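**Q** okay, sequence plus prediction incoming.
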Amino acid sequence: MEGGDHLAHERKKAQFDVEAMKIVWAGSRHAFEVSDRISKLVASDPAFRKDNRPMLSRKELFKNTLRKAAYAWKRIIELRLSEEEASKLRFYVDEPAFTDLHWGMFLPAIKGQGTEEQQQKWLPLAYKMQIIGCYAQTELGHGSNSSKWWPGGLGKISTHAVVYARLITDGQDHGVHGFIVQLRSLDDHSPLPGITVGDIGMKFGNGAYNTMDNGVLRFDHVRIPRDQMLMKVSQVSREGKYSQSNVPRQLVYGTMVFVRQTIVADASCALSRAVCIATRYSAVRRQFGSQNGGPETQVIDYKTQQSRLFPLLASAYAFRFVGEWLKWLYTDVTQRLQANDFSTLPEAHACTAGLKSLTTAATADGIEECRKLCGGHGYLCSSGLPELFAVYVPACTYEGDNTVLLLQVARFLVKTLSQLGSGKQPVGTTAYMGQVEHLMQCHCNVQKAEDWLKPAVILEAFEARSARMSVACAKNLSKFTNPEEGFAELSGDLVEAAIAHCQLIIVSKFIEKLQQDIPGKGVKQQLGVLCNIYALFLLHKHQGDFLSTGCITPKQAYLANEQLRALYSQARPNAIALVDAFNYTDHYLGSILGCYDGNVYPKLYEAAWKDPLNDSVVPDGYREYIWPMLKQQLRTARL
Ligand SMILES: CC/C=C\C/C=C\C/C=C\C/C=C\C/C=C\CCCC(=O)SCCNC(=O)CCNC(=O)[C@H](O)C(C)(C)COP(=O)(O)OP(=O)(O)OC[C@H]1O[C@@H](n2cnc3c(N)ncnc32)[C@H](O)[C@@H]1OP(=O)(O)O
Ligand SMILES: Cc1cc2nc3c(=O)[nH]c(=O)nc-3n(C[C@H](O)[C@H](O)[C@H](O)COP(=O)(O)OP(=O)(O)OC[C@H]3O[C@@H](n4cnc5c(N)ncnc54)[C@H](O)[C@@H]3O)c2cc1C
């Protein structure tokens, strides 16, 4: 079949209103309209072409990124785009660039940690891109005193950085503080005296994150004017006297809370993109299983394919909704901080750290699983999956290594439990710890597979598992005389307890989402199926935890799996429509396997001939290397 919609028969199977689901996925009608308009704007502009990225050398690639970033900025100004529209435009351009760090970290750091005066001075310059900034925290070695190493945008482009360094006054070390430092001349871009700066070199994957100039930075007797220390949290007077505002010191780390929250939202984008590709291709691909000369089976109909693919589809939706909630939590904590209420900061830190860890790990693994779900063709760059994986996988490391972040969550959980004794009632995501006595001895009520569809049953099982794992850690910790030693010794168990807690958050936020009014024929019902798939898939995957803590019986674990299989069958006819609801353009997907019309094979065939290797029938190097070898073989054969 040439042309046309090869997935039309699949789209007809949908049992829900796809247009209504698009609004749910986007978050609101307004968000949908902005996203739809801007994604089409980018897709229709040849200046944003990206299919040639894997072929470019590092220098060509980088220059191309600078061209796109400058052109994007020009369009933002010409079209008078709002901040929301401009950030969507950068998102759909889909190329990591120095601008991510400028808008995503440099500006937020000044907003969060600068005084009113500092904000008035620096923000207008940054908003107009009259200065370009990055966020320089990580060191080559350890200790905030060697060389900065990794900051994106630092290597070649940033004129300024927020640098995190130890503040020492009168010989006293006051710990790490943020400073705005000019790095390069605003006239000729050369580094200022005493500053050594450059790119740290090629990274994983061809193209991929190499559009970013992650950099190295050294200072040699560089003087930073006193008023360029970010002074909202603590100050140094003209006389060199150090003082602290009446706010927690942890606010110095506030930019990370903000960025981790955006990374969770971004995880649902990256995972949904991979899932969209793998789902469409799984419906196009036929392999074996034909009977009586009929067509072969669509690989999406294999139960094994469904059991690998549908939990990822469900995870994409789950991460979307938890990301939405996390955005609310971040807005709420920000408003409270402005009113000098710091009570929810530890929870916001634990939630952003833990959810960043869980969602990025699952997304990175999920993208790779989608590549495998696409068989051999998934390994072609034209599938879009290798580049997506290479760009995405550092999310497990940047903005805090995922294990280090889970240990932060574990500390928060242990602290929450230890405060129960003093009568402090836990709130928010740890409110269930207030029922710890019940959760330690409750019995799961599931008798038949359908019982697993009850939200209260699922929630109690996840709460009991999380509470029991945290309590076990706390009990074991209490056996150590030195708590830090105990924490280090038990860190493996603590990480698992933190994972259980974060999975509970994601499951509970999905369930809460379903309690809202969701318009559109069949939309809520499909989301219910996905929510149950997500929860029961986790339960099946981690059944060791649920069984060993006595939260469920082996029979109940078996019933959960039985229910999961039934849910896969319910999701099957809706699969294509559920990925259509992401509303991704073919440009954004960047994948022949995932193209909307499903016309995969002619496009793959055509793309192959565009590879530079096929520019000539006989390749460069043939005369030099192959021809002499063939001649040699001929002589040997005659001998
Ligand atoms: C490809 C991307 C495409 C699109 C993205 C689009 C939009 C995104 C927007 C912007 C992003 C742009 C691009 C993203 C790409 C890359 C960006 C990468 C940037 C970086 O990586 S920056 C470097 C980040 N570094 C880390 O995260 C280090 C991890 N380590 C920590 O977080 C540590 O905790 C620490 C170094 C901050 C502190 O260590 P410490 O030993 O001094 O302190 P403790 O850990 O003991 O903690 C003491 C105390 O403080 C509490 N705490 C810790 N952190 C925080 C926090 N962030 N907020 C609040 N509170 C915090 C902790 O709980 C302890 O409390 P307690 O009560 O005393 O127990
Ligand atoms: C693509 C990319 C972009 C980046 N962009 C920026 C940027 O813009 N600005 C910036 O400042 N930084 C940036 N970074 C740096 C990033 O934030 C750090 O790499 C990250 O925080 C991890 O720190 P690390 O590299 O020192 O890892 P390490 O801390 O050295 O981790 C190495 C291993 O040790 C383990 N480990 C470390 N500490 C502990 C512990 N306490 N307990 C148990 N295990 C532990 C980790 O789990 C990991 O397995 C970027 C990194 C990458 C890859």
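**A** Okay, I see it. Ligands and ions are numbered 1, 2, ... in the order given.
**Q** any low-confidence regions in the stretch 51-200 of the chain?
**A** The stretch 51-200 of the chain contains residues with pLDDT under 70 at 143-145.
**Q** go on, the chain?
**A** Using pLDDT under 70, the flagged stretches of the chain are 1-3, 143-145, 290, 633-639.
**Q** ligand 2 contacts on that one?
**A** 101, 135-138, 150-152, 209, 214, 394, 397-401, 403-404, 407 (CB under 6 Å from any ligand atom). C-betas here are computed from N, CA, C, even on glycine.
**Q** from these, which land in strands?
**A** Residues of those located in strands (DSSP state E): 135-136.
**Q** show me which of the residues of the chain next to ligand 2 are buried.
**A** For the residues of the chain next to ligand 2, a burial check counting by 16 or more other CB atoms under 10 Å picks out 101, 135-137, 150-152, 209, 214, 394, 398-400, 407.
**Q** now do the SS call for Ile168.
**A** strand (DSSP: H, G, I helix; E, B strand; the rest coil).
**Q** who does it bridge with?
**A** Following DSSP bridges, Ile168 is listed with bridge partners Asp173.
**Q** what helix or strand does Asp620 sit in?
**A** Assigned by DSSP states H and E, Asp620 falls within no helix or strand.
**Q** that one: neighbour count?
**A** Number of residues near Asp620 (other CB atoms under 10 Å) recorded here: 11.
**Q** excluding residues flanking it in the chain, which one is nearest whatever residue of the stretch 101-250 of the chain ends up closest to ligand 1?
**A** Closest to ligand 1 within the stretch 101-250 of the chain is Gly104: 2.1 Å, counting by CB to the nearest ligand atom. The shortest distance from Gly104 to any non-neighbouring residue, by CB to CB, 6 or more residues apart in numbering, is to Val259 (6.2 Å).
**Q** pretty sure that neighbour sits against Glu399.
**A** Yes - contact criterion CB atoms under 8 Å: Val259 and Glu399 qualify, at 5.4 Å.
**Q** can you confirm Val163 is in a strand?
**A** Yes - the assignment for Val163 is a strand, going by three-state DSSP.
**Q** so it sits right up against Gly133, yeah?
**A** No - taking contacts as CB under 8 Å, Val163 lies outside contact range of Gly133: 10.4 Å.
**Q** thinking again about what came up before, okay if I get the buried ones among the residues of the chain next to ligand 2 as TSV plus distance to Asn445?
**A** Shown next, in TSV, are those (distance: CB to CB, whole Å):
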residue	distance to Asn445
Leu101	50
Tyr135	49
Ala136	54
Gln137	49
Trp150	50
Pro151	52
Gly152	50
Tyr209	48
Asn214	52
Pro394	44
Tyr398	43
Glu399	40
Gly400	39
Leu407	34
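**Q** out of those residues, who's near ligand 1?
**A** Subset of those in contact with ligand 1: 101, 135, 137, 152, 398-400, counting by CB under 6 Å from any ligand atom.
**Q** secondary structure class for Ser243?
**A** Going by three-state DSSP: Ser243 is strand.
**Q** if I look at it, how far off is Ala461?
**A** 50 Å (CB to CB, to the nearest Å).
**Q** the two: who's more crowded?
**A** Ala461 (24 against 9).
**Q** let me see the contact set for the residue nearest the centre of the chain.
**A** With distances taken as CA atoms, centre = their mean, Ala267 lies nearest the centre of the chain, 2.9 Å away. Residues in contact with Ala267 (CB atoms under 8 Å, 6 or more residues apart in numbering) are 319, 323, 359-360, 362-363, 395.
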